[in-house]
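> Predicted coordinates and the sequence they were generated for:
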Amino acid sequence: MQNPYLIQNLQSQGLHYLLVNSEEEKKALSSAPKKNPNPKTFASLSNSVNSTNSSPKISQQNTAALSQTIQSPAEQFKTNTEQKPNPHKAKFSLLQAKQEKKVKKEQEQSLSAFDKNPLKQPILPYNRWSESWKQIQRHCKFSSEKPTHLSRQIIWTYAGLEYDLFTDNPSAERRQLISQIIKTLALPKGTHIFLPYRLINSNGESEIAKEQEYSFFWSAIDLIRPRVLVVFGEQTISELDLPPLLPTQKHMLMPVTIYALDNIMLYTENESENTIMMNFLSANLKIFA
């Protein structure tokens, strides 16, 4: 053999007899005293064996540690997304808010007139009423104290009631018709309250009674808590934000029952319509006596 590294390796492992070719040389080498192995070598081999026996545990621990350290592609993407600020996030949030606002507005516009409830609009409590509103309350003779339960009152209103209550030129025809209705129904005294939703301003003109977003009429309805509201005329129905009711139609506006009638002047001029109106009111309101 001519390879010096192989020769040295065989000699270090006690296999030097493989380096001779003749039988004499082999016998000479075999009769030579054997060297004791290096104790450090045995220790090294022992440690190696022990290390091999414990390797499964180490492998399991390393595997667990690696499984916690190495992330899946989805987790890496999520981590990178959370760590890096998104320059488009604020713009996206703004667009989303605009879209939600648009959808809400469309939903509100899609509500039918019968889905809207004017009783749920902002109400001004009595202690915040202006003096002009309190004058109407005293003139119409209803209490400034809100009852715990529904009251026994029936509210009547129509366009032109403000002239009949607050001017020196009331309509004699309308007054005569109202007197006929009260006499026909024969309900207890104090049941009827004629409540205007319009006032006469300083220029002598009629205008809807409002203060900012607050309606006098609906604030008064909230204060009185009547069982029934009788409304004359399409103009009044529209200006009070009620649904487009037909004459002699009943509509429940919780907790108030609304009875719609035609223009009040029609009943002063047309006897047959007057009879229909009286029969309708008698059939529906006498139960509240």
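Arrived safely.
> Which SSE is immediately downstream of the helix or strand encompassing residue 221?
Assigned by DSSP states H and E, residue 221 belongs to helix 216-224. Note on helix 216-224: by DSSP H and E, the next helix or strand toward the C-terminus is strand 228-232.
> Dump whatever helix or strand comes next after that next one to CSV, keeping only the CA atoms.
Beyond strand 228-232 on the C-terminal side, the first helix or strand identified by DSSP H and E is helix 234-239. The C-alpha trace of helix 234-239 is given here as CSV (Å, rounded to 0.1, in the frame of the first residue of the first chain):
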residue,chain,number,x,y,z
GLU,A,234,-105.5,66.6,2.9
GLN,A,235,-103.5,69.7,3.7
THR,A,236,-103.5,69.0,7.4
ILE,A,237,-102.6,65.4,6.9
SER,A,238,-99.6,66.4,4.7
GLU,A,239,-98.4,69.2,6.9
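> May I have whatever helix or strand comes next after helix 234-239 exported as CSV, CA atoms only?
Where DSSP H and E defines the elements, the next helix or strand beyond helix 234-239 is strand 249-253. Provided in CSV are the C-alpha atoms of strand 249-253 (Å, rounded to 0.1, in the frame of the first residue of the first chain):
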residue,chain,number,x,y,z
GLN,A,249,-109.9,56.0,7.0
LYS,A,250,-108.5,54.8,10.4
HIS,A,251,-104.8,54.6,11.0
MET,A,252,-103.0,53.4,14.2
LEU,A,253,-100.1,55.5,15.2
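> which secondary structure elements does strand 249-253 contact?
In terms of contacts (3 or more C-beta pairs under 8 Å, 6 or more residues apart in numbering; DSSP states H and E), strand 249-253 is packed against strand 256-261. (C-beta placed from N, C-alpha, C; glycine too.)
> for the next helix or strand after the strand it packs on, which positions count as buried?
As assigned by DSSP H and E, the chain's next helix or strand after strand 256-261 is helix 264-269. Neighbour-count burial for helix 264-269 flags 264, 265, 267, 268 (criterion: 16 or more other C-beta atoms under 10 Å).
> now stretch 177-188
Quick answer for stretch 177-188 (16+ other C-beta under 10 Å): 177, 178, 181, 185.
> Need the pLDDT of the residue lying closest to residue 248 once chain neighbours are set aside.
The shortest distance from residue 248 to any non-neighbouring residue, by C-beta to C-beta, 6 or more residues apart in numbering, is to residue 280 (4.7 Å). On pLDDT, residue 280 comes in at 96.
> same deal with the one 3 residues further on?
Model confidence at residue 283, given as pLDDT, is 94.
> How about the one 3 residues further on?
We note a pLDDT of 84 for residue 286 in this prediction.
> before we move on, the earlier item: return the member of the buried residues of stretch 177-188 nearest to residue 153.
Among those, residue 185 lies closest to residue 153 (C-beta to C-beta), at 13.3 Å.
> Run through the residues that contact residue 206.
Contacts of residue 206 were listed using C-beta atoms under 8 Å, 6 or more residues apart in numbering, and they are 162, 163, 198, 199, 200.
> I should have written residue 215 there, sorry.
Residue 215 touches 118, 121, 197, 208, 209, counting by C-beta under 8 Å, 6+ apart.
> Which among the residues you listed count as buried?
In the contacts of residue 215, burial by neighbour count holds for 197, 209, counting by 16+ other C-beta under 10 Å.
> Which ones among the contacts of residue 215 lie within strands?
Cross-referencing these against strands under DSSP state E gives residue 208.
> would you list the contacts of residue 215 in TSV and tack on distance to residue 236?
Shown next, in TSV, are those (distance: C-beta to C-beta, whole Å):
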residue	distance to residue 236
118	12
121	17
197	7
208	11
209	13
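> Just give me the closest of the contacts of residue 215 to residue 241.
residue 118 (4.5 Å).
> Of all the helices and strands in the chain, which has the lowest average confidence?
Of all helical and strand segments in the chain, the minimum by mean pLDDT, DSSP states H and E falls on helix 39-69, at a mean of 50.
> can you map out the helices along the stretch 51-200 of the chain?
Shown for the stretch 51-200 of the chain, the helices assigned by DSSP state H, counting those that start in this stretch span residues 73-83, 89-110, 131-140, 161-166, 172-185.
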